[in-house]
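In: got a structure for you, letters missing:
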């Protein structure tokens, strides 16, 4: 009988925890597609990619402005746009094949590290005033080629971060993110250019890559057997 008060306290504590969990679940259910953000690993990927994609959009605004300052040529601006688009068209299929065959988290890490280094080189060249149209074109070409491998890997990893019941919400939110950073990125890029200048805008993008890299490092992704990852490639044979 002397342990009864402690047993009662434990029951009260357990009931309080259960009520708290039910309350949190009810809140997430009321948020529609955003409820999938209650999933730790999906939320890490989502916010990391959102911040990184916003930084990338900011860099694109800064690149266009810098190219105009260097050349005062509308043709040069058009060529930069073409350079950004072509690698994505050429390598997107290969990116999908690799995403099926390789560890998606490691692939995302490598791609984001490469793009961060390219952005840092662009920022340093601007800081030291050794930048020109050729340097910008090469760095943008390499960055666009790397990014063509990022999108398929991100899509391929989502089913391993969200449950079957959450997949519709996860895909909807991922699609929504494209429209969100298309608005936030150019807006933030214009403000950063006005307040800090071109080089600092590039450095903001470098920091945004550090955010997504940190998120990927702590991401918990279930191990996928090699034969399942290679299934996509064997299907092409």
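Out: Structure's in. What do you need? Predicted model only: the values in this text are computed from it and were never measured.
In: I am assuming residue 56 contacts residue 185, so please confirm or correct that.
Out: Yes: assessed by Cβ atoms under 8 Å, residue 56 is found in contact with residue 185 at 6.9 Å. Glycine gets a C-beta too; all of them are placed from N, C-alpha and C.
In: Now residue 201: phi and psi?
Out: phi -60, psi -40 (degrees, to the nearest 10).
In: Name all residues that make contact with residue 68.
Out: If a contact means Cβ atoms under 8 Å, 6 or more residues apart in numbering, then residue 68 has 76, 77 as its contacts.
In: Checking the residue sitting nearest the centre point of the chain next. Helix, strand or coil?
Out: The centre of the chain sits closest to residue 49, judged by Cα atoms, centre = their mean, with a distance of 2.0 Å. Secondary structure assignment for residue 49 (DSSP: H, G, I helix; E, B strand; the rest coil): helix.
In: Contacts only, for it.
Out: Contacts of residue 49 (Cβ under 8 Å, 6+ apart): 154, 177, 212.
In: Could you rerun that using 6 Å?
Out: Going by Cβ atoms under 6 Å, 6 or more residues apart in numbering, residue 49 touches residue 212.
In: Show the residue spans covered by the strands in the protein.
Out: Taking DSSP state E, the chain contains no strands at all.
In: And the lowest mean pLDDT element among the helices and strands of it?
Out: Least confident helix or strand, the chain: helix 231-234 with a mean of 41, by mean pLDDT, DSSP states H and E.
In: Which residue comes closest to residue 221 once chain neighbours are left out?
Out: Excluding the flanking residues, the one nearest residue 221 by Cβ to Cβ, 6 or more residues apart in numbering is residue 105, at 4.9 Å.
In: Kindly report the same for residue 202.
Out: residue 123 (3.6 Å).
In: Then residue 69?
Out: Nearest non-adjacent residue to residue 69, counting by Cβ to Cβ, 6+ apart: residue 198, 8.0 Å away.
In: Within its local environment, how many residues does the one you found see?
Out: 21 (other Cβ atoms under 10 Å).
In: now residue 70
Out: 13.
In: on that earlier part again, so the residue nearest to residue 69 sits against residue 67, correct?
Out: No: the pair residue 198 / residue 67 is not scored as a contact, 10.3 Å apart, by Cβ atoms under 6 Å.
In: can you count the residues close to the closest residue in space to residue 167 that isn't next to it in sequence?
Out: Excluding its sequence neighbours, the residue lying closest to residue 167 (Cβ to Cβ, 6+ apart) is residue 159, at 6.5 Å. The number of residues packed near residue 159 is 14, by other Cβ under 10 Å.
In: what pLDDT does residue 159 get?
Out: Listed pLDDT for residue 159 reads 81.
In: That one and residue 69, how far apart?
Out: 44 Å (Cβ to Cβ, to the nearest Å).
In: what about this structure, any weak spots by pLDDT?
Out: For the chain, applying pLDDT under 70 flags the ranges 1-33, 95-96, 99, 222-237.
In: Report the contact partners of residue 170.
Out: Counted by Cβ under 6 Å, 6+ apart, residue 170 has contacts 36, 42, 158, 162.
In: Neighbours of residue 166, how many?
Out: Residues near residue 166, counting by other Cβ under 10 Å, number 20.
In: Please identify the nearest residue in space to it, excluding sequence neighbours.
Out: Per Cβ to Cβ, 6+ apart, closest to residue 166 is residue 36, 4.7 Å.
In: Ok, residue 80 next?
Out: Among residues not flanking residue 80 along the chain, residue 67 sits closest, at 5.4 Å (Cβ to Cβ, 6+ apart).
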